[in-house]
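S.K.: mind folding the following:
(one chain, ligands or ions: 1)
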Amino acid sequence: MSATQATERKITTAPVLEVFASIQGEGLYVGEPQVFVRLFGCPFRCRWCDTPGSLALPEKPRARLDLSGGRRHADGWASPFQAATWIASAESGSRRTVSVTGGEPLQWPGFVRSLRRFVAPRRVHLETAGGHPRALAQVLPAVDHVSLDLKLSEDLDPPVPLPVEEPEQGIVSTLDAPPVGRLEWAQARAACLFSLRGHDACAKIPFSGNHPASRYAPLLDDVAGIAAEMPVVLQPITALPGAEGVIAPGRELFDELTEMALSRGLHVRLLPQVHRSLHLP
Ligand code: SF4
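M.R.: Numbering: from 1, shown residues only. Below is the predicted model of the structure:
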């Protein structure tokens, strides 16, 4: 193996938390049978995070693999080729769209960018928190759909950046420092929306009853001003057991937010997390 090939192999490796087949529970492709590749590592700290086990990067990550032959575990550091073999084994016969999720998958842009050539002709979808615009721009040519979260900065505790370099693997884990505060999040949001103009993508706005509808106006304004054709999915936050201080949104907020989106000419729909109500992973 040449030095270039060895380096390429290192920067395309990512820590896989789990691989499983299910239905897409959120966003524009809700209900579609997909295979999910969930990666470890997220620098953000959403107060209503529904995958808290994915945030930290363990010293020795282990992948949980729900394959058609049953569950097994393996070393989590995986190349796109290794992930593709797990994806094929998780499908029960027919090929499915592959959803790369997290954590924050854009911590591992080399992996995301390389995956498609190993899983083709499957589609590759990306779910991202929208805090890494440079990494997003890098991977865009290699993903078929992006589900972009638009978050309120006040819903996030201070970020906890991942190590820039993972010593054993020599992996550069991210290209962007996580945004902090309202202004940096607004800049990241605008840059992500700009990159996604004309791409198959949706803007997903998780919302809770903790904030008035008016607080979400800048998010909707940005979509309308930068990527007006992008569908908007308003997603009521599902408060997990033990989540403190998260207020479930009610009918009044549903109506206000929907009207705010419609009045800006946006293509909007309101969708809860369907996989939660069906008790699916
Ligand atoms: S970005 Fe996603 S994984 Fe990270 S804290 Fe927020 S909800 Fe959790």
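S.K.: now the residue in the stretch 101-250 of the chain that the ligand sits nearest to: closest residue in space, sequence neighbours ignored.
M.R.: The ligand sits closest to Ala129 of the stretch 101-250 of the chain, with a gap of 3.6 Å, by Cβ to the nearest ligand atom. (Glycine included, C-beta is placed from N, CA and C.) Residue nearest to Ala129 in three dimensions, not counting chain neighbours: Asp149, with 4.9 Å by Cβ to Cβ, 6 or more residues apart in numbering.
S.K.: I'd guessed the one you found sits against Leu136; true?
M.R.: No - the pair Asp149 / Leu136 is not scored as a contact, 11.7 Å apart, by Cβ atoms under 8 Å.
S.K.: the protein against the ligand: which residues are in contact?
M.R.: Residues of the chain lying close to the ligand by Cβ under 6 Å from any ligand atom are 42, 44-46, 49, 51, 54-55, 102-104, 129.
S.K.: about what we covered before: contacting residues for the residue of the stretch 101-250 of the chain closest to the ligand?
M.R.: Residues near Ala129 by Cβ atoms under 8 Å, 6 or more residues apart in numbering: 42, 44, 46, 104, 106, 149, 151.
S.K.: Glu26: which of these is nearest?
M.R.: Asp149 (9.5 Å; Cβ to Cβ).
S.K.: wait, what's in contact with the closest one?
M.R.: Contact partners of Asp149, counting by Cβ under 8 Å, 6+ apart, are 127-130, 204-206.
S.K.: can you list the residues you listed in JSON lines and add secondary structure and pLDDT?
M.R.: Conversion of those to JSON lines gives the following (DSSP: H, G, I helix; E, B strand; the rest coil; pLDDT from 0 to 100):
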{"residue": "Glu127", "secondary structure": "strand", "pLDDT": "98"}
{"residue": "Thr128", "secondary structure": "strand", "pLDDT": "98"}
{"residue": "Ala129", "secondary structure": "coil", "pLDDT": "97"}
{"residue": "Gly130", "secondary structure": "coil", "pLDDT": "95"}
{"residue": "Lys204", "secondary structure": "strand", "pLDDT": "97"}
{"residue": "Ile205", "secondary structure": "strand", "pLDDT": "97"}
{"residue": "Pro206", "secondary structure": "strand", "pLDDT": "95"}
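S.K.: just the helices in the stretch 101-250 of the chain please.
M.R.: With helices called from DSSP state H, counting those that start in this stretch, the stretch 101-250 of the chain shows them at 109-119, 133-139, 181-195, 217-226.
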